[in-house]
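> dropping the sequence and predicted coords here.
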Amino acid sequence: MDKEEAFKQLKRMNAKKILLQIPDGLKPQAFDIFNYFASDFNVIVSSSSFYGACDIGNREIYEGVDCIVQLGHTEIPNINYPLPVIFIEYYYNTIEIDDSTFDVLKSDGINKIGLLSSVQYYNEMLYIKDRLERNGFSVYVGKNDGRLKYPGQVLGCNFSTAHSVSLYVDAFLLISTGLFHGIGVQLSSDDRDVYILDLNDKKIHNIRHDTDIFLKKRYARMERALNAKRFCVVVDTKIGQYRMKIANEIYEKLKALNKNVIMTSADNINPADFENFMCDAIIFTGCPRVPIDDEEKFKMPVLTPTEFDLIFGFKKSKRYVMDEIVSVDKQEENKNTETKDINA
């Protein structure tokens, strides 16, 4: 959906006051976007950073608005949003690449390719698909699950499109500008190599070495948690990241290990808050990017649920896998579960 269609939809729903969520990369355009909608609506722009369609915030924050308009992401189909949310998808400028770009794949003996992208590069993925097929490659675009809108799309917490074609491909090619999504695919794809077509330099490179560096850092964090005595299990209250059931399971596992543990909730996890708790380690059940991207901000190790299960022996396999969010707890369950579990 584009701005014009979003404007028409707001009119059809008779919205009066809207909240605009604009990702950091598009905030330089905030004045133009605000003025476009403010011509007919009472508009307020959220100054807070957010991390995707899973992060429209808490129900209480938006009680005074009729609708949320979020730029840069697609809706997550299996989230029950408490308010109407309109997503305006933002796409990267169309690129052109030379056929020689694919030489690295040919020299590595890659023929069957699983093609992936995050949503802002989706048009580029379709363009690359056509170019790959013209160059003789067999291209597989994976089926999306209930948390993804498009085939071949990946989120930082969901790689189901890669899983769906992993048995048929020699390697994956991700259209991207960063490593996080690629490393997630690499860790979720068994022995398949993952290549990134970086749209900044229009070159393809294998990220196996980058993944090895990532794993060394994560295992160092995980090992520090082994000797921890005081744990905070954190439930993220964001609607699209709320996993109280998993938090409860981890809480019970830690109690069985004779660890001193408390259950906490957070909207934006703040390192200072947990220093005040004087905990030795944190298990964070929200977005897996928080423990990974923000690890240097914390004095104590912050683990994902899958890292916790791996390091404390609750997984049969010793292979590292990225934490993936397939679904979240239903909103109608939140009130009953939240009161019972936090006060237990």
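Looks like it came in fine.

> wasn't Gly114 part of a helix?
No - read with DSSP: H, G, I helix; E, B strand; the rest coil, Gly114 is strand and lies in no helix.

> can you give me the helices for this structure?
3-12, 30-38, 103-107, 122-134, 160-163, 180-188, 208-226, 244-256, 271-277, 289-293, 305-311, 331-342 (DSSP state H).

> what does the fifth one rub up against?
The set of residues external to helix 160-163 that reach it, using C-beta atoms under 8 Å, 6 or more residues apart in numbering, is 114, 116, 141-145, 147-148, 151-154, 172, 185, 188-189, 324, 326. All C-beta atoms are positioned from the backbone trio N, CA, C, and that covers glycine.

> and the nearest residue to Asp210 once chain neighbours are set aside, how close does it get to Phe7?
Leaving aside its sequence neighbours, Asp210 sits nearest to Leu179 (C-beta to C-beta, 6 or more residues apart in numbering; 5.5 Å). Distance, Leu179 to Phe7, using C-beta to C-beta, to the nearest Å: 36 Å.

> same question, Ile86
For Ile86, the distance to Phe7 (C-beta to C-beta) stands at 9 Å.

> do the same with Ile128
From Ile128 across to Phe7, the span is 32 Å (C-beta to C-beta).

> what about these two, which has more around it?
For Ile128 and Phe7, the more surrounded residue by other C-beta atoms under 10 Å is Ile128, and the numbers stand at 24 against 18.

> in stretch 265-283, what counts as buried?
Ala266, Asp267, Asn268, Ile269, Phe274, Cys279, Asp280, Ala281, Ile282, Ile283 (16 or more other C-beta atoms under 10 Å).

> which among the residues you listed gets closest to Pro301?
The nearest member of these to Pro301, counting by C-beta to C-beta, is Ala281 at 5.0 Å.

> hey, what's that closest one bridged with?
Per DSSP bridges, the residues bridged to Ala281 are Phe231.

> pull up the distance across stretch 139-153, start to finish.
15 Å (C-alpha to C-alpha, to the nearest Å).

> and stretch 266-283, by the same measure?
For stretch 266-283, the separation between the terminal residues is 12 Å (C-alpha to C-alpha).

> just how off-centre is that stretch within its chain?
21 Å (C-alpha atoms, centre = their mean, to the nearest Å).

> repeat for stretch 258-269
Centre to centre, stretch against its chain (C-alpha atoms, centre = their mean), the figure for stretch 258-269 is 21 Å.

> for that stretch, what is the average pLDDT?
Across stretch 258-269, the average pLDDT comes to 86.

> double-check Lys3 against Ile86; I have them as touching.
No - counting by C-beta atoms under 8 Å, Lys3 does not reach Ile86; the two are 10.0 Å apart.

> tabulate the helices of the chain (a markdown table), appending distance to Lys202.
A markdown table is the format used below for those (distance: least, C-beta to C-beta, whole Å):
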| stretch | distance to Lys202 |
| --- | --- |
| helix 3-12 | 29 |
| helix 30-38 | 29 |
| helix 103-107 | 12 |
| helix 122-134 | 10 |
| helix 160-163 | 23 |
| helix 180-188 | 16 |
| helix 208-226 | 18 |
| helix 244-256 | 40 |
| helix 271-277 | 37 |
| helix 289-293 | 25 |
| helix 305-311 | 34 |
| helix 331-342 | 43 |
